[in-house]
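J.: 3D, please:
(3 chains)
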Amino acid sequence: MALSELNIGDVKIVDKVGADVKTQRFLQNVGLMPGVGVRVVAKVGKNMIISVKNTRLAMDKTLAEAITVTEEEE
Amino acid sequence: MNVEAVTAPGEEIQRARIKNIKDKKFTIALVGNPNCGKTTLFNLMTKSREYVGNWPGVTVEKKVAKLVGNDNVAVVDLPGVYSLSPFTPDERVTHDYIENENPDLVLNIIDTSLLERSLVLTHAIASHGVPMVCALNMADIARRNGIEVDTRYLESVFNCPFVQISAAKEVGIDVLLDTIAHQLVERRPARSVLPEDAPMDDVRKAVAEIAGKSAVIDDVDNFSDRLDRIVTDKWLAIPIFFLVSWRIYFLSIQVVGEITGGWAESAVEALGTLITNGFAAMGVSEMLTSLVVDGILGGAGSVIIFVPQLFVLFVLLSVLEDCGYMSRVAFVMDRIFRVFGLSGKSFIPMVVGTGCSVPGIMASRTIENKKDRLMTVVLVPFMPCSAKLPVIALFAGLMFSGHSWVAPSFYIMGVASVILGGVILKHTGFFKQEPAPFVLELSQYHLPTVKNVWESARQRTKEFIKKVTTIILAASAVIWFLQYFTPSLQVADSAEYSMLGYIGKFIAPVFAPLGFGNWQSAVSILTGFAARENVAASINILFGSESAIKAAFTQVSAYAFCAFVLLSSPCMGAVAAMKKEIGNMKDTLLAMCFQTGFAYVIALVIYQAGRLIF
Amino acid sequence: MMNYIIGAAVMFLVFRGIKAYFKHDSGCCGSCAGCKSACSMRK
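T.: Residues are numbered from 1 along each chain as shown, chains lettered A, B, ... in the order given. Alright, predicted model coming up:
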């Protein structure tokens, strides 16, 4: 499912990041990439603030919809 | 896990051991992620006053200075980077420096709370095998959030010392310098678990493992998160922002203005009388006296009285900028701005622009998307900058006394013009494009350091005073000259028949539909090109008295005048900054035409509609 | 005599101002804290 569908407090693992190369690289630099856990801190409409590796990222809905997540593996 | 004790705050910085290195010259390179406190540390180590922050953009600046207490040691501040792969100019510069310039030691500064991503860079540096010292900065904040770092483990992995410090609180610096001194002599090469050319994915995996073993970082809600949920709340966000900005501008302009305005004006007046009498006693000519008192003092003096208000404004803006709230504002504004085709990232340059358009225009460099960036550059000058305040304050005080809504209304006009202007530009075809996706890193909220705020406000105020005593002083003198003499260089009977009067009367008709078709207004607007404060200065000089100004304007025409001054093409300095971002003169002129044309139409509507209503 | 002194002082100040006018293209306004917060948001 898409990151944008999550609610405040949800914790999931990143599956795919569907963004352009520049954005992907930036996200990688701050720690957001496939296999990493994210937590939803706040949500305004479909714009979100998430926490990944202790970094807080604010993103709009176009990016939140482009990132897919899966359940935590046991 | 063992934890190195963070030394107590307030320690004296002893540099005993490092002072003793006298036989050789050394170079220390500072490397770290953006915003890890590198420049703060650089300033501490070199007692320089470089600003916290590097210039985003194409030209990358390297800062070099000598270490305090030992001229033989040079410290180089390299740009903030996340890795050494050659994707951006910053990374290339840093990589090439380490590879080719052979610094004697690399000081890697790490934000302790963001250990994993920081270690990616640490690993890259270590893979070059240079002597390294790692400074775990903001260790106090990490500790407070329950993050305990096993420095011994990290030291064993990378084969270099790890020292916990807090650059902002100046804690642990002596230990750091001692360690550096030791390492400069020992020259122990750092070691990385993977070779330099290992693929990034492998490096990240390895670093994740190392980080996992060195510290347990629980990702839970903290104070910043809770505050963010309130501040970005669907219903509360905008009202909160309105409240915050209202308080800032109201406090600095209205409140301070009322307190200091009165005596500042009397002080300038008293000075004028003093000079007049003094000059008369010394036998100085009437003309020269007029130049100094009516021209220079009348012009520059009418602007310098705003120093108290501007100082307070700068302090408040610094606090706002320093605490981290601004990025939240950008996030909140993005939702709204997107409706008009702009991005929230355009909002921060606007807020910065309320101090001065020049850094506001520079701040647009953070916007990746080129068209978005250019549009922001053209729209930022619509915001009331500190230079436009004297004019607004002049008319607000003179024509609208008792109506405290007038001055703040120009800030709303600024924002509204940005939105309206943005919508118009979007429809011109060139800018027709979806704004880029918005993603922004939010730093933890923190209390602004008194030092930073003071330095920032002090510098900005100093710049303003410098501007008044140079540019505006000179402009006032020139204006005086042009309105004292006729075109044939005889003393004019009245300003109306002076050189300036003729120029003004030639241009004035253009402004007639706007309600201020008199030569004084026309000329005042012209003088605003050198520095917008000149407009207030000129109005004072050319009309000569408050009653003259009041006679020439109605409330509606005064408001229209202020609107034109607010929105028309900015001062020379801002135009120069615009040209730097836009790239060529032709497009810059186009932008100026757009701005001035927009200003003309708005002022026209205000005057013509206002005239009918009021 | 005083005229010349005052006149010279004024000329000096005016030229200082004109010089500053042309140097205004420094690209920095001293308000660096604004740039800092902007920088902290760069991608």
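J.: When you work out contacts or count neighbours from here on, use the C-alpha atoms and nothing else.
T.: Will do.
J.: contacting residues around residue B:388?
T.: Applying C-alpha atoms under 8 Å, 6 or more residues apart in numbering or on different chains, we find residue B:388 in contact with B:532-533, B:565-566.
J.: for residue B:28, same thing?
T.: B:73-76, B:103-107.
J.: List buried residues within the contacts of residue B:388.
T.: B:532-533, B:565-566 (16 or more other C-alpha atoms under 10 Å in any protein chain shown).
J.: Redo these as a markdown table? Include distance to chain A and secondary structure.
T.: Below are the buried ones among the contacts of residue B:388 laid out as a markdown table (distance: C-alpha to the nearest C-alpha, whole Å; DSSP: H, G, I helix; E, B strand; the rest coil):
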| residue | distance to chain A | secondary structure |
| --- | --- | --- |
| B:532 | 37 | coil |
| B:533 | 38 | helix |
| B:565 | 36 | helix |
| B:566 | 32 | helix |
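J.: Mind telling me the two of those farthest from one another?
T.: Farthest apart among the buried ones among the contacts of residue B:388 by C-alpha to C-alpha are B:533 and B:566. That separation is 11.2 Å.
J.: my read is residue B:516 is in a strand, agree?
T.: No: with DSSP: H, G, I helix; E, B strand; the rest coil as the criterion, residue B:516 is assigned coil and is not in a strand.
J.: What distance do you get for residue B:613 to chain A?
T.: Applying C-alpha to the nearest C-alpha, to the nearest Å, the value for residue B:613 to chain A is 41 Å.
J.: neighbours around that residue, how many?
T.: 8 (other C-alpha atoms under 10 Å in any protein chain shown).
J.: Distance of it relative to residue B:605?
T.: 12 Å (C-alpha to C-alpha, to the nearest Å).
J.: returning to what we had before: relative to residue B:297, which of the buried ones among the contacts of residue B:388 is nearest.
T.: Out of the buried ones among the contacts of residue B:388, the member with the shortest distance to residue B:297 (by C-alpha to C-alpha) is residue B:533, at 13.8 Å.
J.: Surely residue B:154 is in a helix?
T.: Yes: applying three-state DSSP, one finds residue B:154 inside a helix.
J.: Below-threshold pLDDT in the chain: ranges please.
T.: I went with chain A, as the question did not name one. A:73-74 (pLDDT under 70).
J.: nope, chain B please
T.: For chain B, the stretches with pLDDT under 70 are B:1-22, B:48-62, B:432-435.
J.: longest helix of the chain?
T.: If you meant another chain, say so; for now it's chain A. Ordering each helix of chain A by length in residues (DSSP state H) puts helix A:21-30 first.
J.: try again with chain B
T.: Chain B, longest helix under DSSP H: helix B:585-613.
J.: elements contacting it?
T.: With contacts taken as 3 or more C-alpha pairs under 8 Å, 6 or more residues apart in numbering or on different chains; DSSP states H and E, helix B:585-613 sits against helix B:555-567, helix B:572-582.
J.: Pull up the distance across stretch B:73-85, start to finish.
T.: Terminal residues of stretch B:73-85 lie 28 Å apart, using C-alpha to C-alpha.
J.: Not counting that stretch itself, show me its contacts.
T.: Outside stretch B:73-85, the residues that touch it by C-alpha under 8 Å, 6+ apart are A:29, B:25-35, B:38-39, B:42, B:46, B:54, B:60-67, B:90-95, B:117-118, B:120-121, B:124-125.
J.: Same question for stretch B:591-599.
T.: Residues outside stretch B:591-599 that contact it (C-alpha under 8 Å, 6+ apart): B:378, B:382, B:421, B:563-569.
J.: Now that stretch: buried residues?
T.: Buried residues in stretch B:591-599, counted by 16+ other C-alpha under 10 Å: B:591-592, B:594-599.
J.: and residue C:9, how many residues sit next to it?
T.: With other C-alpha under 10 Å as criterion, residue C:9 counts 11.
J.: Make sure I have this right: it is in a strand.
T.: No: read with three-state DSSP, residue C:9 is helix and lies in no strand.
J.: right, and residue B:431 touches residue B:375 too?
T.: Yes: contact criterion C-alpha atoms under 8 Å: residue B:431 and residue B:375 qualify, at 7.5 Å.
J.: neighbour count winner among these two?
T.: Higher neighbour count among residue B:431 and residue B:375: residue B:375, with 22 against 19, using other C-alpha under 10 Å.
J.: How much space separates residue B:164 from residue B:192?
T.: Going from residue B:164 to residue B:192 by C-alpha to C-alpha gives 21 Å.
J.: So which of these two has more stuff around it?
T.: Taking other C-alpha under 10 Å, residue B:164 and residue B:192 do not tie; residue B:164 has more neighbours (27 against 19).
J.: Okay, the closest residue to chain B within chain C and residue B:485: tell me how far apart.
T.: Relative to chain B, the nearest point of chain C is residue C:17 (3.8 Å; C-alpha to the nearest C-alpha). Distance of residue C:17 to residue B:485, given as C-alpha to C-alpha: 21 Å.
J.: quick one, which of those two is more surrounded?
T.: residue C:17 (23 against 20).
J.: ok, the more buried one touching residue B:472?
T.: Yes: Residue C:17 is in contact with residue B:472 according to C-alpha under 8 Å; the separation is 7.2 Å.
J.: In chain A, mark out all the strands, start to finish.
T.: Under the criterion DSSP state E, strands of chain A are mapped to A:11-17, A:37-44, A:47-52, A:55-59, A:67-70.
J.: Taking their axis directions, the third one and strand A:55-59 sit at what angle?
T.: Meaning strand A:47-52. 160 degrees (axes from the mean of the first three to the mean of the last three C-alpha atoms, to 10 degrees).
J.: go on, the first one?
T.: Note on geometry: by the same axes, to 10 degrees, strand A:11-17 and strand A:55-59 are set 60 degrees apart in direction.
J.: and strand A:11-17, which residues are buried?
T.: Neighbour count says strand A:11-17 has A:11-15, A:17 buried, by 16+ other C-alpha under 10 Å.
J.: Packing partners of it?
T.: strand A:37-44, strand A:67-70.
J.: What strands line up against that strand, and which way round?
T.: strand A:37-44 (antiparallel), strand A:67-70 (antiparallel) (DSSP bridges).
J.: Could you list the residues in contact with the longest one?
T.: The list of residues contacting strand A:37-44 from outside it, by C-alpha under 8 Å, 6+ apart, reads A:6-14, A:48-53, A:72, B:221, B:225, B:228-229, B:232-234.
J.: Give me the distance from that strand to the chain's centre.
T.: On the basis of C-alpha atoms, centre = their mean, to the nearest Å, strand A:37-44 sits 8 Å off its chain's mean C-alpha point.
J.: Report the buried residues of that strand.
T.: A:37-44.
J.: Could you pull out the helices in chain C for me?
T.: Going by DSSP H, chain C shows helices at C:2-22, C:32-39.
J.: So for chain A, which of the ones you listed sits nearest?
T.: Closest approach to chain A among the helices of chain C is made by helix C:32-39 (14.4 Å; C-alpha to the nearest C-alpha).
J.: picking that back up, and the buried residues of strand A:11-17, which is closest to chain B?
T.: residue A:11 (10.1 Å).
J.: ok, now which ones touch the closest one?
T.: Neighbour list for residue A:11: A:37-40, A:72 [criterion: C-alpha under 8 Å, 6+ apart].
J.: Same question for residue B:411.
T.: Residue B:411 neighbours (C-alpha under 8 Å, 6+ apart): B:383-384.
J.: secondary structure class for it?
T.: Secondary structure for residue B:411, judged by three-state DSSP, is helix.
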